[in-house]
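1. have a look at this prediction, sequence included:
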Amino acid sequence: HAQLARMRRAIHQKEIELFYEPKVDMRTGTVIGCEALLRWRHPEQGLLSPASFLPELDQGTMGIELGEWVLDQALRQRQSWQTRGLDLSLSVNIAAYHLQRPDFVQWLRRMLTVHPGAAGGLELEVLETSALTNLAAVGRVIEACQDLGVKVALDDFGTGYSSLTYLRHLPAGLIKIDRSFVAGMREHQDDLTIVEGVLGLARAFRRQILAEGVETVEHGRWLLRLGCRFGQGYGIARAMPADELPEWLAGWQ
Ligand code: G
Ligand code: G
Ligand code: MN
Ligand code: NA
């Protein structure tokens, strides 16, 4: 409970913030959107990655509250950029336990009512590694999101126990191939084989594909040769605070 109280105070005191990592069409250089990533500017411990605090909140009500805060904050940010002439699609990470709550779609619909016009520029990323227990039900939730105009992506694809089952049963429009395979593909034939395999699967199942972990320009070139056009990673840009993004965009174009 101390943990929950601390997190609530962190949100209240604006220690929690979203960073944004650009996603680009590597063929044309066009920025296709940004992924919102949680950060905690901890007064004693410095900038914390969600890997260091999310697991402790997992499954609990605070995890849900934080998830609500994230989507609300991302949609506010999107609108604030829009009023300045920047039309950016945003991807938001959704925890599996949140997606699997019976009221998830209702919640999403309510959020979209609060932020009219947001649906078209929103994508939800579902962690492929997370325990999705009832795939038929999750598939229906994904369809319901898509009916609301919201896109859905399978995140960290290839790292879970049941990637192929997920692909088979979940109608997500986009697959994000995990950065571990992409980062290693130039040195390790096995990683390259996996990248090629996932690209082939994505094509066969008519899903869009985006590579994470584009750590250098050379990674981007390899991916384009392999037929993967969308990417994100340190070779393009690191996740940055919202107020740095307009300047980054101006420099990128
Ligand atoms: O940004 P970083 O690499 O530190 O993120 C670590 C992990 O935390 C990633 O797996 C990412 O998907 C996850 N993550 C980042 N932001 C959010 C968020 O807002 N909600 C959820 N559920 N996970 C997030
Ligand atoms: O699980 P998810 O893909 O949502 O995690 C995103 C995390 O990956 C972010 O914390 C981000 O900082 C990190 N990340 C983004 N691009 C790269 C990259 O090119 N290399 C590495 N090692 N990490 C990256
Ligand atoms: Mn993600
Ligand atoms: Na990922």
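-> Yep, that arrived. Ligands and ions are numbered 1, 2, ... in the order given.
2. can you tell if the longest strand along the chain touches ligand 3?
-> The residue-count maximum for a strand in the chain (DSSP state E) belongs to strand 31-42. No: if you take Cβ under 5 Å from the ion as the test, strand 31-42 misses ligand 3, and the best it gets is 5.5 Å. Every C-beta, even on glycine, is put in place using the N, C-alpha and C of the backbone.
3. give me the contact list for the very next helix or strand once past that strand.
-> Per DSSP states H and E, the first helix or strand lying C-terminal to strand 31-42 is strand 46-48. Residues outside strand 46-48 that contact it (Cβ atoms under 8 Å, 6 or more residues apart in numbering) are R39, W40, R41, H42.
4. for the helix or strand just after strand 46-48, packing partners?
-> Counting by DSSP H and E, the next helix or strand C-terminal to strand 46-48 is helix 54-57. Where contact means 3 or more Cβ pairs under 8 Å, 6 or more residues apart in numbering; DSSP states H and E, helix 54-57 is packed against helix 2-12, helix 61-83.
5. hmm, helix 54-57 in reach of ligand 2?
-> No: using Cβ under 6 Å from any ligand atom, we find that helix 54-57 stays clear of ligand 2, coming within 10.7 Å at best.
6. off-centre distance for that helix?
-> Relative to the chain's own centre, helix 54-57 is displaced by 18 Å; criterion: Cα atoms, centre = their mean, to the nearest Å.
7. kindly format the C-alpha coordinates of that helix as CSV.
-> In CSV, the C-alpha atoms belonging to helix 54-57 read as follows (Å, rounded to 0.1, in the frame of the first residue of the first chain):
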residue,chain,number,x,y,z
LEU,A,54,5.6,-1.2,-13.4
PRO,A,55,6.0,-4.8,-12.3
GLU,A,56,5.4,-3.8,-8.7
LEU,A,57,2.1,-2.3,-9.7
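8. look through this protein and state the residue closest to ligand 4.
-> Closest to ligand 4 within the chain is D156: 4.0 Å, counting by Cβ to the ion.
9. got a list of what K176 touches?
-> E125, A153, L154, D155, D156, F157, I209, L210, A211, E212.
10. and the fifth one, that's in a strand?
-> Yes: according to DSSP: H, G, I helix; E, B strand; the rest coil, the state of D156 is that of a strand.
11. helix/strand/coil for P246?
-> Classification of P246 by three-state DSSP places it in helix.
12. L170: which of the helices and strands packed on helix 54-57 is closest?
-> helix 61-83 (19.2 Å; Cβ to Cβ).
13. between helix 61-83 and whichever helix or strand comes after the closest one, find me the angle.
-> Later in the chain than helix 61-83, the nearest helix or strand by DSSP H and E is strand 90-94. Here strand 90-94 runs at an angle of 180 degrees relative to helix 61-83 (axes from the mean of the first three to the mean of the last three Cα atoms, to 10 degrees).
14. just the C-alphas of the next helix or strand after strand 90-94, formatted as CSV.
-> For strand 90-94, the succeeding helix or strand toward the C-terminus, using DSSP H and E, is helix 96-99. Below are the C-alpha coordinates for helix 96-99, written out as CSV (Å, rounded to 0.1, in the frame of the first residue of the first chain):
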residue,chain,number,x,y,z
ALA,A,96,-2.6,-7.4,-20.8
TYR,A,97,-4.5,-7.4,-17.5
HIS,A,98,-6.0,-4.0,-18.4
LEU,A,99,-7.1,-5.2,-21.9
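15. tell me what the next helix or strand after helix 96-99 is packed against?
-> Next helix or strand after helix 96-99 toward the C-terminus (DSSP H and E): helix 104-114. Helix 104-114 is packed against helix 61-83, helix 135-147, with contacts defined by 3+ Cβ pairs under 8 Å, 6+ apart.
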